[in-house]
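S.K.: no FASTA, just this:
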């Protein structure tokens, strides 16, 4: 096991009708900026629940945060937060709204151009306090210190990680997810699943607890992911997916083990270029990446095959192959396409991505060994 | 799944030679009270490492905290902390030292008699900040807000739980546990194992992630517990036990599920009366309690049998029986005795405990259905 540090101060308030707890969780006498997206919260009742719980608070609103939130949108909210002297940000929505709100919270107290947080990774140590009401389980942002923001004019999708943007609290009511379109539900399950894999599907460092904690999440997402398509209004199924997605990236399973994140890195470029959903890019890239990186990941692929997928094959090499096939089949069973061609994209159209990471000085993969040539191979397997 | 809240702000700093990180983690310019036990830290090198890392800090010491820490001892430390105007407490030791230090931290800022925190469960909302260097994995106190303190003159062993006593940080270097006597190592593994069971071995509420997270810890403790007896100086084995024990009671697996804690409640009385080690009492009580409570716990016992103990028996009733036998066998394999008679105690000598909880107005068990008569049955099975 590697050395590690872990700290996660987020207060999770989980369960039926918990949005009402906002009245206890929000700071009294402070000015609150409520941020949200395109208005789905007005259709599923979440907006009304939030307004009811915040009736005695001084709340202004900022709406229109898009999926893969845009820097320009965030910038407007930062200006609003500064002009209105906001004290606290309440993000109501999915991962995009929460990520944007983390950037807004940081930008509101940042000296200089907030864009530097993303492009130059300029460090900072303060942000407006932030609370969340999560409506879409997927990214784990409700219980971590990450955010991803895009700037389409530059073709960039960039992330930052800073302890100042841990949410103070995150409310999760699984009922708020009943009305999600199937596509968003599936995107969320796949996103959470791949988050776990980025922290698990590497090489063995004798960390059996972390391995099994990861497998626990994977098995839960497979079982509950299949169930939710049949019965989207089943509370426990929605609750299990929601809590599993949080664990996918609250970083507990990353303690003391190597991490990959190449699927995400390559996937972000596909989103930036072709506008694919984040979950779609992951489903396309990961199985192909495993093909290319099979030798280094073989022990873990075989463990995963046996413990999560109930493969009985004794030979590691064959078990690893079965794991790749079965994982892609799981995505397909959820209705998620896993080939570039499914989205009308040719592998050659993606080859421009191959040298990007080397140019940026970033090594991909848990061993830093994913060369531009290997990235081309990944697109070839994914075609 | 039940509704729940979860918050755990402890910063864990885990791994080889991490004690040196104290110089970064401790607050500068503050007066620090270093608390420890009977002096084992002077033999295993931990004391020297702490002194080196704190050379530039104003540190006073309080030693002599005993296993099952005594109220009178803590009281002396509280007086010292007040008289010396201490700002921060640094606990160096196992669960007893950390628990005592939590009580000292609370008592130092408590208005009135600190005993009320334990006996009257008087609420409080402030305590001196506390950091830990853990030397014995067992109780999980390094990553929770619990403490247990005894008062032998009254025959009491009482606990409290308060967010003000979450450690600010906990340093865990598995190397510090190499020199533990086998008995303490085994006590720790059994304690952690039973902590998991108190949060897992109840009834099914459709919370598959929490179930599997618990099973992950159990399986790790079984495997690594057996290994450590053969090779006590293996770093990874010690690291895996240490991290598993933390997860046994950082309360993540308790989210949204019923809890039992009757084994602990009855065990505390056995320690208070007969001076048995905490781990010993748990190993005696739990298998017997499962016999008595088998019907209500059957589904979970059978799941545990199949998923953790690799029992292939298809019938839940038989699988549950095998689970009880195999769990006791696991304790015995570690060298832990599981019968009252092993400790020279007759069941009749324990019967006075049977009505105690009812008298205190406390219902035992996840369904509150452990009557005085059932407690007598537990002692009968355990004889």
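M.R.: Arrived safely. The model shown is predicted, which means the values in this text are computed figures rather than measured ones.
S.K.: so in chain A, which strand runs the longest?
M.R.: strand A:4-14 (DSSP state E).
S.K.: name the residues of the stretch 1-150 of chain A found near chain B, please.
M.R.: A:1-16, A:18 (Cβ under 8 Å from any Cβ of the partner chain). Placement of C-beta: from N, CA and C, glycine included.
S.K.: filter these to the buried ones?
M.R.: Buried residues within the residues of the stretch 1-150 of chain A next to chain B, counting neighbours by 16 or more other Cβ atoms under 10 Å in any protein chain shown: A:1, A:4, A:6-15, A:18.
S.K.: which two in the residues you listed are spaced the farthest apart?
M.R.: Greatest spatial distance among those (Cβ to Cβ): A:1 and A:18, at 35.5 Å.
S.K.: tell me the buried residues in the worst-scoring helix or strand of chain A on mean pLDDT?
M.R.: Lowest mean confidence among the helices and strands of chain A (mean pLDDT, DSSP states H and E): strand A:156-161, at a mean of 91. Of the residues in strand A:156-161, A:156, A:157, A:158, A:159, A:160 count as buried by neighbour count, 16+ other Cβ under 10 Å.
S.K.: stretch A:362-370 now?
M.R.: Quick answer for stretch A:362-370 (16+ other Cβ under 10 Å): A:364, A:365, A:366, A:370.
S.K.: wait, what's in contact with the second one?
M.R.: Yep, that's residue A:365 we're talking about. Residues in contact with residue A:365 (Cβ atoms under 8 Å, 6 or more residues apart in numbering or on different chains) are A:260, A:262, A:293.
S.K.: for residue A:168, give me its contacts.
M.R.: Contacts of residue A:168 by Cβ under 8 Å, 6+ apart are A:10, A:11, A:25, A:129, A:130, A:131.
S.K.: how does it look with 10 Å?
M.R.: A:9-11, A:25-27, A:88-89, A:129-132, B:7 (Cβ atoms under 10 Å, 6 or more residues apart in numbering or on different chains).
S.K.: same thing with residue A:45?
M.R.: A:19, A:175, A:176, A:178, A:179.
S.K.: how about 8 Å then?
M.R.: Contacts of residue A:45 by Cβ under 8 Å, 6+ apart are residue A:176.
S.K.: pLDDT value on it, please?
M.R.: In this prediction, residue A:45 carries a pLDDT score of 95.
S.K.: for it, grab phi and psi.
M.R.: phi 90, psi -10 (degrees, to the nearest 10).
S.K.: what's the next secondary structure element after the least confident helix or strand of chain A?
M.R.: Per DSSP states H and E, strand A:156-161 leads on to strand A:169-172 as the next helix or strand towards the C-terminus.
S.K.: residues in contact with that next one?
M.R.: So strand A:169-172 is contacted by A:10-15, A:18-19, A:21-22, A:25, A:131-134, A:137, A:142-143, A:242-243, A:246 (Cβ under 8 Å, 6+ apart).
S.K.: circling back: what is the nearest of the contacts of residue A:365 to chain B?
M.R.: Taking Cβ to the nearest Cβ as the measure, chain B lies nearest residue A:260 of those, at 20.8 Å.
S.K.: and that closest one, which of the three is it?
M.R.: Three-state assignment for residue A:260 (DSSP: H, G, I helix; E, B strand; the rest coil): coil.
S.K.: for the residue most central in space within chain A, phi and psi?
M.R.: By Cα atoms, centre = their mean, chain A has its centre lying nearest to residue A:139, at 2.4 Å. The phi and psi values for residue A:139, taken as degrees, to the nearest 10, are phi -90, psi -20.
S.K.: then residue A:148?
M.R.: Dihedral angles phi and psi of residue A:148 (degrees, to the nearest 10) take the values phi -130, psi 130.
S.K.: the longest helix anywhere in chain A near chain B anywhere?
M.R.: In terms of residue count, the longest helix belonging to chain A (DSSP state H) is helix A:208-230. Yes - against chain B, helix A:208-230 shows contacts by Cβ under 8 Å from any Cβ at A:208, A:209, A:210, A:212, A:213, A:215, A:216, A:217, A:219, A:220, A:223, A:224.
S.K.: can you tell me which of those is closest to residue A:284?
M.R.: Of the residues of helix A:208-230 next to chain B, the one sitting nearest to residue A:284 (Cβ to Cβ) turns out to be residue A:217, at 21.5 Å.
S.K.: ok, that closest one touching residue B:209?
M.R.: Yes - with contact defined as Cβ atoms under 8 Å, residue A:217 and residue B:209 form a contacting pair (6.5 Å).
S.K.: which neighbours do those two have in common?
M.R.: Contacts common to residue A:217 and residue B:209, judged by Cβ under 8 Å, 6+ apart, are A:244, A:247.
S.K.: picking that back up, could I get the buried residues of stretch A:362-370 as TSV with secondary structure, pLDDT and distance to residue B:189?
M.R.: As requested, those are exported to TSV (DSSP: H, G, I helix; E, B strand; the rest coil; pLDDT from 0 to 100; distance: Cβ to Cβ, whole Å):
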residue	secondary structure	pLDDT	distance to residue B:189
A:364	coil	97	40
A:365	coil	98	36
A:366	coil	98	31
A:370	coil	98	40
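S.K.: name the nearest of those relative to residue A:252.
M.R.: Among the buried residues of stretch A:362-370, residue A:366 lies closest to residue A:252 (Cβ to Cβ), at 18.2 Å.
S.K.: give me every residue that touches that closest one.
M.R.: Here residue A:366 is in contact with A:202, A:203, A:258, A:259, A:260, A:296 (Cβ under 8 Å, 6+ apart).
S.K.: any idea how far it is from residue A:377?
M.R.: 17 Å (Cβ to Cβ, to the nearest Å).
S.K.: could you do residue A:80 as well?
M.R.: Distance from residue A:80 to residue A:377, by Cβ to Cβ: 46 Å.
S.K.: equivalent analysis for residue A:163, please.
M.R.: 37 Å.
S.K.: what does residue A:340 give?
M.R.: 13 Å.
S.K.: of the two, who's got more company?
M.R.: Neighbours per residue (other Cβ atoms under 10 Å in any protein chain shown) separate residue A:340 from residue A:377, with residue A:340 holding more: 24 against 19.
S.K.: what residues are up against the more buried one?
M.R.: Applying Cβ under 8 Å, 6+ apart, the residues near residue A:340 are A:284, A:346, A:347, A:350, A:379, A:382, A:383.
S.K.: same deal with residue A:226?
M.R.: Contacts of residue A:226 (Cβ under 8 Å, 6+ apart): A:333, A:334.
S.K.: using TSV, please lay out the contacts of residue A:168 together with pLDDT and distance to residue A:58.
M.R.: Shown next, in TSV, are the contacts of residue A:168 (pLDDT from 0 to 100; distance: Cβ to Cβ, whole Å):
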residue	pLDDT	distance to residue A:58
A:9	98	25
A:10	98	24
A:11	98	22
A:25	98	16
A:26	98	10
A:27	98	11
A:88	98	10
A:89	98	13
A:129	98	15
A:130	98	17
A:131	98	15
A:132	98	19
B:7	98	26
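S.K.: residues from the stretch 251-383 of chain A in reach of chain B?
M.R.: Within the stretch 251-383 of chain A, the positions near chain B by Cβ under 8 Å from any Cβ are A:252, A:255, A:256.
S.K.: surely the second one is in contact with residue B:14?
M.R.: Yes - using Cβ under 8 Å, residue A:255 makes contact with residue B:14 at a distance of 7.1 Å.
S.K.: touching both of the two, which residues are there?
M.R.: With Cβ under 8 Å, 6+ apart, residue A:255 and residue B:14 have common neighbours A:4, A:6, B:243.
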